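[1] Got a predicted structure plus its sequence, pasted below:
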Amino acid sequence: MKEIELAFKSFADGLRIFAKSLEILADQISAMGGVKPSSPVTPIKTAAPKKPAAVKPMKAAPQPARTKTKKPVAAMKKTASAKTSVETVYGIIARAEKGVSSARISAQTGYNAKKVANAIYKLKKKDRIQIVKKGVYIKK
């Protein structure tokens, strides 16, 4: 990269020297009363030096397509012994005679407070439990 910058600087210096020598020649010609240009001289527009192209990272070789393995239908279905979180929470509430708190449900199930609160909300909406006092629930 430094080599390219050095090359551009030396090229620019060479152009400056060339431009100065052309100005000197033009002054000498005009001093001689020599040739007048038939049309006005317009400077030639030059393109700005191009920046070196950014190096793009190489793409990784494409991976071979994976074949999908289908699971048996029986493995995808819920088994009869698997319970949802709502059913688990309801089971704990139903066993408690005097009611159970949401903190106790959380401790017994291992669910976080939000999951317990969502399960209680669904059970309350289905009218399967009632609230004894704030945070304590019993079966209806």
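    Great, that's in hand.
[2] what helix or strand does Lys124 sit in?
    Taking DSSP states H and E as the definition, Lys124 sits inside helix 113-125.
[3] helix or strand right after that helix?
    Defined by DSSP H and E, the subsequent element after helix 113-125 is strand 129-133.
[4] tell me the secondary structure for Gly33?
    Following DSSP: H, G, I helix; E, B strand; the rest coil, the label given to Gly33 is coil.
[5] can you check Arg16 too?
    helix.
[6] The helix holding Lys124 to strand 129-133, inter-axis angle?
    110 degrees (axes from the mean of the first three to the mean of the last three Cα atoms, to 10 degrees).
[7] So which elements touch helix 113-125?
    Secondary-structure packing of helix 113-125 (3 or more Cβ pairs under 8 Å, 6 or more residues apart in numbering; DSSP states H and E): helix 85-95, helix 102-109, strand 129-133. For every residue, glycine as well, the C-beta is placed using N, CA and C.
[8] And the residue nearest to Ala94 when sequence neighbours are not counted, how far from Lys115?
    Counting by Cβ to Cβ, 6 or more residues apart in numbering, Lys139 is the residue found nearest to Ala94 once chain neighbours are left out, at 4.5 Å. Applying Cβ to Cβ, to the nearest Å, the value for Lys139 to Lys115 is 20 Å.
[9] In a helix, Arg66, correct?
    No. Read with three-state DSSP, Arg66 is coil and lies in no helix.
[10] For the residue nearest to Ala94, the count of nearby residues, please.
    Here the number of neighbours of Lys139 (other Cβ atoms under 10 Å) works out to 16.
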